[in-house]
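Asker: pasting the structure only:
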């Protein structure tokens, strides 16, 4: 018979929960008083239930609650002593502050930051990418963007704003807002150190924000909004090499109409045409020293945050929510980010290169199997020892079964 060489005394789910320092959860719960009025289903048990929902890809409260009840013995190794009913779970989702789970996320990220490259707490000369993604809801719990459907109904939407430090795969600044809100609401939560570089889409257009970053010696790069009015104050000559790379114009401009009293911005405009697909882009920046081609290459780093959005939506259960109120949806989003962070910690600790989707699949399929998750991910080839035909016949004989005959 086959034998697993990666047997562990704890299920894979327990090994993931062990990555959550209990003191962090207790400290956050005490800060927000989130355990008041709860006799058994405290913040820790609530978080475990939400992570069970994330890793197990549950689609409803009933599926999550009954699934946990059926695995009572194996969940005991996680420290779970009380299993909620659907009503208790739903009440906690509606009433327990979502801010406590946001605090747990940032505390957990700070605790495990040493496993991520270039994670020296927003050091000088770091590059940050900011953008947002919208999660569609079936009910208009959060106000969604767009017109109503032909039947008069309108879906809601939750917009998740994120700032990601370059070479990290998890966000360092997060804000949740209704889908209909403008991207500029995220600006007040941004606080970058002097010497940083900020790359963003044109939805974050704010002249006062641009000038503030320039005053703080923060370089910013974005695309020119179609409705932006500007005046050309100077033209820079382009070398032959820059023209061959696709740079068409390098201008010094002032954003804002001349007769308007609105705030003006002195910046640089670069017009670039891709030699691969022929598409034309217009970039604006406060960097007057770098070459135009370098500014264009810098903006390409924004694609990293798009890959993060794709990873979250494809691998985490964000199609079905366990509540029909704002607080429940926010809790599920924060716990999804915590689950994603735990899997990223696993991925960083394993030397063997794995696609994130493969790790998610392995965890989902073997969530409560007793195998060493880290050992398996390091050497999956040694998972099974294949016995010879003679050994197999010998084992059958010792067990009382008749051996094979030719």
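Answerer: Perfect, thanks for sending it. Because the structure is a prediction, the values reported are computed rather than measured.

Asker: the longest helix in the protein is where?
Answerer: Longest helix in the chain, counting residues (DSSP state H): helix 326-349.

Asker: mind checking pLDDT for residue 155?
Answerer: For residue 155, the model assigns a pLDDT of 68.

Asker: whoops, residue 246 was the one
Answerer: Looking at residue 246, its pLDDT stands at 91.

Asker: and the following helix or strand past the longest helix of the chain, how far out from the chain's middle?
Answerer: Per DSSP states H and E, the first helix or strand lying C-terminal to helix 326-349 is helix 356-365. A distance of 16 Å separates the centroid of the chain from that of helix 356-365, by Cα atoms, centre = their mean, to the nearest Å.

Asker: in helix 356-365, what's buried?
Answerer: Across helix 356-365, burial judged by 16 or more other Cβ atoms under 10 Å covers 356, 359, 360, 362, 363. Where C-beta positions appear, they are placed from N, C-alpha and C, glycine not excepted.

Asker: Show me which of those is closest to residue 136.
Answerer: Checking the buried residues of helix 356-365 against residue 136 with Cβ to Cβ, the nearest one is residue 360 at 21.3 Å.

Asker: Hmm, residue 342 and that closest one touching each other?
Answerer: No. At 11.1 Å, residue 360 and residue 342 do not qualify as touching, with contact defined as Cβ atoms under 8 Å.

Asker: quick one: the longest helix of the chain to helix 356-365, angle?
Answerer: 110 degrees (axes from the mean of the first three to the mean of the last three Cα atoms, to 10 degrees).

Asker: returning to what we had before: could I get the buried residues of helix 356-365 in JSON lines, plus columns for pLDDT and distance to residue 72?
Answerer: JSON lines is the format used below for these (pLDDT from 0 to 100; distance: Cβ to Cβ, whole Å):
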{"residue": "356", "pLDDT": "92", "distance to residue 72": "30"}
{"residue": "359", "pLDDT": "93", "distance to residue 72": "27"}
{"residue": "360", "pLDDT": "93", "distance to residue 72": "25"}
{"residue": "362", "pLDDT": "93", "distance to residue 72": "24"}
{"residue": "363", "pLDDT": "93", "distance to residue 72": "20"}
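
Asker: which one of the residues you listed is nearest residue 208?
Answerer: residue 356 (38.0 Å).

Asker: pretty sure the closest one contacts residue 311?
Answerer: Yes. Contact criterion Cβ under 8 Å: residue 356 and residue 311 qualify, at 5.8 Å.

Asker: in the protein, which spans are strands?
Answerer: Secondary structure of the chain (DSSP state E): strands located at 3-4, 127-137, 156-165, 173-178, 197-200, 219-223, 230-235, 247-255, 265-273, 280-285, 384-385.

Asker: List of residues touching the fourth one?
Answerer: Contacts with strand 173-178, where a contact means Cβ atoms under 8 Å, 6 or more residues apart in numbering, come from 102, 105, 130, 142-144, 156-163, 185-186, 189-191, 330, 333, 337.

Asker: and if we set it to 7 Å?
Answerer: With contact meaning Cβ atoms under 7 Å, 6 or more residues apart in numbering, strand 173-178 is reached by 142-143, 158-163, 185-186, 189-190, 330, 333.

Asker: what does the longest one give?
Answerer: The set of residues external to strand 127-137 that reach it, using Cβ under 7 Å, 6+ apart, is 155-166, 179, 183, 186, 190, 192, 196-201, 204, 301-302, 304-305, 309, 318.

Asker: now those: which count as buried?
Answerer: The neighbour count (16+ other Cβ under 10 Å) marks 155-165, 179, 183, 186, 190, 192, 196-201, 204, 301-302, 304-305, 309, 318 as buried among the contacts of strand 127-137.

Asker: Check the gap between residue 292 and residue 20 for me.
Answerer: Separation of residue 292 from residue 20 (Cβ to Cβ, to the nearest Å): 47 Å.

Asker: before we move on, what about residue 187?
Answerer: For residue 187, the distance to residue 20 - Cβ to Cβ - is 32 Å.

Asker: how near is the residue lying closest to residue 285 once chain neighbours are set aside to residue 243?
Answerer: Counting by Cβ to Cβ, 6 or more residues apart in numbering, residue 221 is the residue found nearest to residue 285 once chain neighbours are left out, at 4.5 Å. According to Cβ to Cβ, residue 221 stands 21 Å off from residue 243.

Asker: Report the rounded mean pLDDT for stretch 99-118.
Answerer: 86.

Asker: so who does residue 346 touch?
Answerer: 359, 373.

Asker: Just the pLDDT for it.
Answerer: In this model, residue 346 carries a pLDDT of 93.

Asker: before we move on, back to that, does the residue nearest to residue 285 really touch residue 202, like I thought?
Answerer: No. Counting by Cβ atoms under 7 Å, residue 221 does not reach residue 202; the two are 11.0 Å apart.

Asker: who's more crowded, these two?
Answerer: residue 221 (24 against 16; other Cβ atoms under 10 Å).

Asker: Please tell me the pLDDT value assigned to the more buried one.
Answerer: For residue 221, the pLDDT comes out at 96.

Asker: Okay, it and residue 364: tell me how far apart.
Answerer: Distance of residue 221 to residue 364, computed by Cβ to Cβ: 39 Å.
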